[in-house]
Each structure stands twice: as structure tokens, then as C-alpha cells.
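Q: Fold the following and give me the result.
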Amino acid sequence: MIPEFEKFKRFKAKNLPKEELLAPGHRACQGCGEVLALRMAMKALGKNVIVCMATGCMEIITTPYPQTAWKVPWIHIAFENPASVASGIESAMKVLRRKGKISKKHVDILAVGGDGATSDIGLGWISGAFERGHDFTYICLDNEAYMNTGVQRSSCTPYGAMTTTSPPGKKSFGQVTWKKNVPGIAVAHNIPYVATASPAYFLDLMNKVKKAALVKGPAYIHIYSPCPTGWGSAPERSIEFAKLVVETRVFPLYEVIEGRYIMSRKITKPKPVQEYLKGQRRFRHLDEEHIAYIQQRVNADYEKLVRLSEMT
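A: Reported below is the predicted structural model:
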């Protein structure tokens, strides 16, 4: 077990931080699960943090010049760069501490990107930062497409989903590839901590973010982030979908601590995948055959994950 976890005081409903470091008054769409997840993450981290954020929805809605919703040091960078800039900040602070120019007090460094910035454009930069062992946390806010620029597909777009660049038609049915396993790619770098989270399980999410910050070295958290605008779902149902995605095993919650898989929430009696798919316009074109295939693949992937947790 990671030594820093031994004295870890878990967040509970009765001791949640009250200060909002991502202030209200931002310009997110109604029902945005992404900004909700980010708000929870910031409450878990506290003030002692520097945030590096890729271009994307969260950058746009929180920093319309000359306004900002951020109450901590925040840096906006290009799509591909949050992990690189986080690495540079961590290295620079080491040098400044060594020269006695800044306090030796630890400061958390957080890199944030959407699924496009993480699984596509910035994956090589993230890999380099993880391989070098820089001490920072990377959070992917996964709303499963490039939402800010018009709902184009990413490599995290689910199989069968409709986007503007994977439209269904006479000879197509939406996204033809399966969602990229970015947490698995992070695990392959042998970093100390990897986790998945959903805003429907807010205590689980916040405790995982806090653990990631405590780790010495790189940590990665992949957060499911509902997007009513891009998914064609009702804004008031975002948390319902964030719960259903776990209950149907589509998005399992787990941790990987020093290579050891731990299921955060075992789903022994899963709901049918169709319950999750219905109510989202991006999936309404799927026929029974496609839904059956998705169900089969979800079951197989979940069982593989459970086997990994039983092996380690």
C-alpha cells in the first residue's frame, strides 16, 4: 500500500469542504456533468494547487475574458499540453526550492483535459510525463466527444454513438470503433495510482482525487462527464445517466494502486445496457442487433476487469 494512504482521512457526507474553488456564475450548459465533476475535484484538492487546463469546454465556460471562475492559480494551454506544462511547473518548483527562492511547502499540481485532449491530441505528452515520473495528477473529464467544437467523435466516443463526424445513415450506424481504454494505457506506464470516477458517486470521486494528490509521482483519474447538449439527453437526467453507466457496467468504477486492481463498486446484478442507451439521442438509431453486441462486449470487458482484481 502507498504510505501516504495510511493516514488518509476519507471525505464523508458530514465533513465535506464548503469552500467553492471553482466559483458559481460560470457559463456551463444546464445539466453539465463535466463542470460538476470538476467542482467536486477542486473541493477535494483545496486551495494549495496549481491547475493546468487544456483548451475545451471547461476552459471556455470558466474564463470568458475578463472574467474567471477560478479561485486558485490557473493556466490555460493548448489542447495537447497540460501534462507537459504540469511537468515543467513541477520541475521548476524543485529548482526554486533547492535554491531557497520559494517555500518548501508542497503544492499540488493538477493537469486537466477532456477526452479529445487526453485520448487523442495529448496522449503522447501524457505518456512522456508519466514515463518521466513527474509528481502531478492528471484528470480526464470524459464527455465522449469534442463537444466544444461541434460534437465531433473522439477515440473515447462509444461504439454506435452518433456524432457530427460519425453520423448514422444507410451504410453506417455511428461510431464504428470501441472506446479507447485510456485508464489501461495509464496503468501500462507503471504509475502509482489510476482510477475511474463518476459524479453520481461524489464521495468516491472526491476521495480518489485526494488519493491521487497524496501520491508521490504521476496519478491519473478518468471521470465520466455527462453532456446533455452533445448527447441529446435531458439536462435534469445527467446524474441519473452518471449512475446508470455504472449500474449497467458500461463504465466500471475501480482503482489501480501500484498495479493492483481494486473494484470500487462491484455490480453483481447489472441493469440491461439498453436502460442506459435509451433517453440519449446519440443512440436512438441503434437496432436490437447493435444493442445486443454492445451488451455482450460490456459483459466481457467487465468480467476481464473483475478477473484482474481477483488476480492482484
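
Q: where along the protein do the strands fall?
A: Applying DSSP state E to the chain gives strands spanning 49-54, 74-77, 108-114, 137-142, 168-169, 172-173, 193-197, 219-224, 254-257, 260-263.

Q: need those in TSV with mean neighbour count, mean pLDDT and distance to Leu203, can you?
A: (Each C-beta comes from the backbone N, C-alpha and C, glycine too.) What follows is those, written out as TSV (neighbours: other Cβ atoms under 10 Å; pLDDT from 0 to 100; distance: least, Cβ to Cβ, whole Å):
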stretch	mean neighbour count	mean pLDDT	distance to Leu203
strand 49-54	23	98	20
strand 74-77	18	96	25
strand 108-114	27	98	19
strand 137-142	28	98	17
strand 168-169	12	94	38
strand 172-173	15	91	38
strand 193-197	27	98	10
strand 219-224	26	98	14
strand 254-257	20	98	14
strand 260-263	15	98	16
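
Q: Turn the ones you listed into a markdown table, including distance to Lys94.
A: Shown next, in a markdown table, are those (distance: least, Cβ to Cβ, whole Å):
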| stretch | distance to Lys94 |
| --- | --- |
| strand 49-54 | 14 |
| strand 74-77 | 18 |
| strand 108-114 | 11 |
| strand 137-142 | 17 |
| strand 168-169 | 51 |
| strand 172-173 | 51 |
| strand 193-197 | 20 |
| strand 219-224 | 18 |
| strand 254-257 | 25 |
| strand 260-263 | 29 |
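
Q: List the residues that contact the closest residue to Pro183 other than its chain neighbours.
A: The shortest distance from Pro183 to any non-neighbouring residue, by Cβ to Cβ, 6 or more residues apart in numbering, is to His222 (4.9 Å). Residues in contact with His222 (Cβ atoms under 8 Å, 6 or more residues apart in numbering) are Cys140, Asp142, Val182, Pro183, Ala186, Val194, Ala195, Thr196, Ala197.

Q: mind running it again at 10 Å?
A: 115, 118-119, 138-142, 156, 181-184, 186, 194-198, 251 (Cβ atoms under 10 Å, 6 or more residues apart in numbering).

Q: just Cys32 next, same as before
A: Cys32 sits in contact with 26, 38, 57-58, 61, 143, 147, 225-229, 235, 238, where contact means Cβ under 10 Å, 6+ apart.

Q: Need those in a markdown table (columns: pLDDT).
A: Conversion of the contacts of Cys32 to a markdown table gives the following (pLDDT from 0 to 100):
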| residue | pLDDT |
| --- | --- |
| His26 | 93 |
| Leu38 | 98 |
| Cys57 | 96 |
| Met58 | 97 |
| Ile61 | 96 |
| Asn143 | 98 |
| Met147 | 97 |
| Ser225 | 98 |
| Pro226 | 98 |
| Cys227 | 98 |
| Pro228 | 98 |
| Thr229 | 97 |
| Pro235 | 97 |
| Ser238 | 98 |
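
Q: Out of these, name the ones that lie in helices.
A: Counted as lying in helices by DSSP state H, out of the contacts of Cys32, are Leu38, Cys57, Met58, Ile61, Pro228, Thr229, Ser238.

Q: you'd agree the last one is up against Pro228?
A: Think Ser238. Yes: at 6.1 Å, Ser238 counts as touching Pro228 under the criterion of Cβ atoms under 10 Å.

Q: The two: which is more packed in?
A: More neighbours surround Ser238 than the other of Ser238 and Pro228, with 24 against 21 (other Cβ atoms under 10 Å).

Q: Next, work out how far apart the more buried one and Gln280 are.
A: Ser238 sits 11 Å away from Gln280, taking Cβ to Cβ, to the nearest Å as the criterion.

Q: Overlap of the contact sets of the two?
A: Common neighbours of Ser238 and Gln280 (Cβ under 10 Å, 6+ apart) are Pro226, Cys227, Pro228, Trp231.

Q: out of those, which is most surrounded?
A: Within those, most neighbours by other Cβ under 10 Å means Pro226, with 28 neighbours.

Q: give me every residue that touches it.
A: By Cβ under 10 Å, 6+ apart, the contact list for Pro226 reads 31-34, 36-37, 142-144, 198-200, 233, 235, 237-242, 245, 280.

Q: got it, and Gln296?
A: So Gln296 contacts Val273 (Cβ under 10 Å, 6+ apart).
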